[in-house]
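Enquirer: could you look at this predicted model? Sequence included:
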Amino acid sequence: MDRREFLQSAAATAGAVAFPQLRTASALARSEQMVGIQVGAVSFVDEGVDKVLDVFQQDGAVNSLFIATFTYGRGIAGRQVPGQPLPDHGKQEYDRGTFYGGSYTKIDPQYFKETAFKTFRAPDFGDYDVLDAVLPSAKRRGLKTYCWFEDVFRADLPGIDQLQEKELSGNNATTLCFNNPNYRNWLLGITEYWSRTYDVDGIMWGSERQGAFSNALNASASTTPASPMRVTCFCQYCQAKAKESGIDPERARRGFLELASFVDASQKGKRPVDGYYVSLWRLMLNYPELLAWEMLWTKSLRDTYAAIYAKAKEAKPSIQVGWHIWHTNSFNPIYRAEQDLQAIAPHSDFLKIVIYNNCGGERMAQYINNVGSTIYGDVPKEQLLEFHYQVLNYKEKGLAEIPITGLSADYVYRETKRAREGLAGGKTLLWPGIDIDIPTAPGHSKCSPEGVRDAVLAAFKGGSDGVLLSRKYSEMKLADLRGAGDAIRQLRST
Ligand SMILES: [Zn+2]
C-alpha cells in the first residue's frame, strides 16, 4: 500500500474527512515523532522493567517514557482504580489500602531546605527508586525518559498545612498555593534534584485546577456539586500579589461572597429576578475583581511554569520541559481563554494538551450539567451543549448520547489543529494526550483498539508532533495499546 492508498483507507476506517496528505507526510517523515506513554512505578514493580518495556515498544510503538515520579493521585500512579475492571496484565488485584503516593525516587534533603514540606517519599514500595530501576534499560533501548509529576497532594502530610491555599471561607484548602514560597521552593527543589541527579531527558508537570471564579460556578467536569465558599486562594501571599497588581483583596472577597450567594440560590433553583446569566453579568460589572482574581490565579500558574522551566534549564540546559494541560480546556470557554498558548509557549518546550476523546463525552455532559445549574440556568441543556460546540469549534452528538458514545476522532483532529495554530510561530512541540482506557462510569463508552487507532491518526492529521498515551499503563488493555501502535506503525511504514 502506498502512502496515498494508506491515507485513503485510514480516513475511510476513521469515518472522518480525507487526511491532508502533506501535513501527515511531513509529520511522519520526521523520524523523531514522540510516542510517549504514561506509566507509574507499580507497573514496573508488578510486571518487571524489561517485560513492560517490551510491551511498550512492541505493542505501542513507544519511544518515550513518562514515569510518574511524584504524585499523591491515583490518576497517574497505582494500579487500576478500585471499582473499574482490571486490565489483562499486571497483578490481578487492586492496591486498595496499599496505595499512598509521594516521590517514587529517592530524595536528597539538601534540595528541600527552603520549604516546610520535607517528608514525601512514597512508602508504597520501600526504598524502590523507579528511575534507578528503569533508566539503565531505557537507555539501552534508546527510549527517552521524562519525570512526570502533578499538583496533587494529601491533607495528612507533615508540614503540608504551611503550603496550603486559603479558601474564601477562611479554612485551609487541600490544594497548595503557587504564591506560597514553601510550595514554590518545593517545586523548584524537586525540579532541580531530578535534573541534576538522574540522566533524564525531560520533565513534565501538570496542574488540573483553575481559579476561584470558574470554580465557584462549577465550570468543570467535576462530579461534586459547586462549593463556592471553598474557592481559592485568599492567603496572605495571594493578597500581597494582588495588591502589587492593583487589585483590592477586600473587594474581591466581597464579590466572591456575593457570587457564593448567587450559586447557592441557583443550585436551589431560586431563579434571580433577571435570570441567571444577566445576574451573573451584574455581579461581574459590580465586581471586576472577580475576573481579576481569576486571572491572578492563572498568572500565578504561568509564573510557576516559568520558574520550573528556568530552574530545570539552569540545572541541565539540554533537558526538555513542558506541561500537561487539563481536559477542562476542551469544555469551559473561560478556562480555554486562560490557556493562551502564545503566553505559555516561551516557557514550554512541549505541551501535552489533553484531548481524551472516549471519556470526553461523559465529561462534556457533566460540564454542561454543572454550568447549566449556574451560569446558564435559563438555557435548556441540549441547546447549551450546542452553544458550546459552536464556540469551542467542534461538533459531536447530543447530550444523552455522548456519555454512551464518547467523543469522536474528529474532536481529536479539531482540538489538535486548533492547538497547532495557536502555537504558530514558536518552537513548542505539540503532543496531544490520547485516551487509552481512562475509566468511565458503567454503561458509558469504553475504548476500543479501532477508536484508539483513529484518535492517534487524527492527532497526526491535525498536525501534532507526537502523542502521549494516557493516563497510566496499569489501566490500559493491551489490545487498546496495540491500537495506538497500529496507527504509528502504519504511519511510519508509509
Ligand atoms: Zn495563595
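Expert: That came through fine.

Enquirer: in stretch 43-53, what counts as buried?
Expert: 43-47, 49, 52-53 (16 or more other Cβ atoms under 10 Å). C-beta here means a position set from N, CA and C on the backbone, and glycine is covered the same way.

Enquirer: how about stretch 231-243?
Expert: 231-235, 237-239, 241-242.

Enquirer: I'd like those residues as a markdown table, with secondary structure, distance to residue 86 and pLDDT appended.
Expert: Shown next, in a markdown table, are these (DSSP: H, G, I helix; E, B strand; the rest coil; distance: Cβ to Cβ, whole Å; pLDDT from 0 to 100):
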| residue | secondary structure | distance to residue 86 | pLDDT |
| --- | --- | --- | --- |
| 231 | coil | 37 | 98 |
| 232 | strand | 36 | 98 |
| 233 | coil | 38 | 98 |
| 234 | coil | 42 | 98 |
| 235 | coil | 41 | 98 |
| 237 | helix | 43 | 98 |
| 238 | helix | 42 | 98 |
| 239 | helix | 47 | 98 |
| 241 | helix | 46 | 98 |
| 242 | helix | 48 | 98 |
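
Enquirer: and which of the residues you listed is nearest to residue 433?
Expert: Closest approach between the buried residues of stretch 231-243 and residue 433, by Cβ to Cβ: residue 232, at 25.4 Å.

Enquirer: pretty sure residue 177 sits against residue 183.
Expert: Yes. Counting by Cβ atoms under 8 Å, residue 177 does reach residue 183; the two are 5.8 Å apart.

Enquirer: quick one: contacts of stretch 369-386?
Expert: Outside stretch 369-386, the residues within contact range by Cβ atoms under 8 Å, 6 or more residues apart in numbering are 217-222, 226, 263, 266-267, 271, 275-277, 280, 332, 364-365, 368, 387, 398-399.

Enquirer: and those, which of them are buried?
Expert: By 16+ other Cβ under 10 Å, those give 217-221, 226, 263, 266-267, 276, 280, 332, 364-365, 368, 399 as buried.

Enquirer: next step: those residues restricted to strands.
Expert: Taking DSSP state E, every one of the buried ones among the contacts of stretch 369-386 sits outside strands.

Enquirer: what's the burial count for residue 34?
Expert: 22 (other Cβ atoms under 10 Å).

Enquirer: please apply the same query to residue 177.
Expert: For residue 177, using other Cβ under 10 Å, the count is 24.

Enquirer: can you pull the contacts of it?
Expert: Counting by Cβ under 8 Å, 6+ apart, the residues that residue 177 touches are 163-166, 183, 232-233, 235, 237-238.

Enquirer: what about the helices in the stretch 51-200 of the chain?
Expert: For the stretch 51-200 of the chain, applying DSSP state H, counting those that start in this stretch gives helices covering 130-140, 181-197.

Enquirer: okay, the angle between the first one and helix 181-197?
Expert: Here helix 130-140 runs at 40 degrees with respect to helix 181-197, directions being taken by axes from the mean of the first three to the mean of the last three Cα atoms, to 10 degrees.
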